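In: Model the structure of this input:
(one chain, ligands or ions: 3)
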Amino acid sequence: MPISKAQVLAWLGNLDAVYAAKKGYLTELDAAIGDADHGINMHRGFSKVMEKLPGVADKDIGEILKTVGMTLMSSVGGASGPLYGTFWMKGGMAVAGKDALSVADFLRFLETGVEGLRQRGRAEPGDKTMYDLWAPVLTEARTFAQNGDDAAALAEALVPVGEKALAATIPLQARKGRASYLGPRSVGHQDPGATSSFYMLETLREALR
Ligand code: ADP
Ligand code: MG
Ligand code: MG
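Out: Ligands and ions are numbered 1, 2, ... in the order given. I've put the predicted structure just below:
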């Protein structure tokens with residue numbers, strides 16, 4: 001089964017609710033290795049997204065996802081605003097005109113979004129950023145798309161891969177972003193951005209169940 005527009009809107013609504021609920025937790029994670037604002041940033045950004053959604057709900061999925069990116073770009077400061085802004089914007093542009101997303105379409109959204117994020121942040125694998133969540137998730141999505149065409153099954157498969165990738169950020173030393181200023185003291189903490197990225201997978205799974 002493909003992903004319907006109603007499911008995309010449900011996904012974004014779920015994500016907004018999770019960013020509201022996890023605002024304190026994400027900020028706590030960022031307090032340990034950053035400047036204690038990641039939860040505040042994501043919550044503010046997605047609150048703005050929810051304000052914008054009614055105005056584009058009759059547009060195609062690409063336009064909706066692009067609007068998410070443009071809204072995050074203009075309402076979230078710091079590192080994560082431009083990074084997530086690029087992800088959603090570029091990903092949305094890659095599925096322009098679609099009223100449903102097949103597994104192949106969703107893979108194109110992910111591939112283009114992650115590539116935009118990587119280029120923007122110049123993150124390499126192991127730098128302890130949100131890219132460390134997306135790189136293995138993308139690999140899994142590519143493998144899945146070779147044989148599978150059920151988007152709900154894809155979302156089920158991505159969550160455990162993301163969970164593992166998220167835990168794998170804990171022992172890493174940060175080499176990008178504010179956390180890198182801490183050097184070896186950044187070791188032993190879960191990356192906040194990888195955590196907020198993981199919620200994108202969990203909320204998609206929930207929307208497709
Ligand atoms: P800031 O660090 O500006 O306060 P946030 O706290 O909102 O921004 O976001 C921090 C997160 O951004 C980090 O946990 C990390 O995942 C991500 N990040 C920072 N720099 C980069 C980068 N160059 N590439 C990819 N992700 C990055
Ligand atoms: Mg921060
Ligand atoms: Mg900040």
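In: Next, Ala57: phi, psi?
Out: phi -60, psi -20 (degrees, to the nearest 10).
In: show me what contacts it?
Out: Residues in contact with Ala57 (C-beta atoms under 8 Å, 6 or more residues apart in numbering) are Leu9, Ile64. The C-beta positions use only the backbone N, C-alpha and C, and glycine is treated the same way.
In: how about 10 Å then?
Out: Shown in contact with Ala57 (C-beta atoms under 10 Å, 6 or more residues apart in numbering): Lys5, Ala6, Val8, Leu9, Ile64, Thr67.
In: Now, of these, which are buried?
Out: Lys5, Val8, Leu9, Ile64, Thr67 (16 or more other C-beta atoms under 10 Å).
In: Among the residues you listed, which one lies nearest to ligand 2?
Out: Thr67 (24.2 Å; C-beta to the ion).
In: Quick one: end-to-end distance for stretch 116-132.
Out: 14 Å (C-alpha to C-alpha, to the nearest Å).
In: nearest to Ala104, of the buried ones among the contacts of Ala57?
Out: Val8 (15.9 Å; C-beta to C-beta).
In: how close does the closest one get to Gly24?
Out: 27 Å (C-beta to C-beta, to the nearest Å).
In: now Pro192
Out: From Pro192 to Gly24 the distance is 12 Å (C-beta to C-beta).
In: and if you look at Lys48?
Out: From Lys48 to Gly24 the distance is 19 Å (C-beta to C-beta).
In: which of the two has more neighbours?
Out: Lys48 (17 against 11; other C-beta atoms under 10 Å).
In: That one - that's part of a helix, no?
Out: Yes: assignment of Lys48 by DSSP: H, G, I helix; E, B strand; the rest coil places it within a helix.
In: Next, count neighbours for the nearest residue to it once chain neighbours are set aside.
Out: Counting by C-beta to C-beta, 6 or more residues apart in numbering, Lys48 lies nearest to Ser75, which is 4.2 Å off, once chain neighbours are set aside. Ser75 is flanked by 18 other residues according to other C-beta under 10 Å.
In: Fine by me, thanks again.
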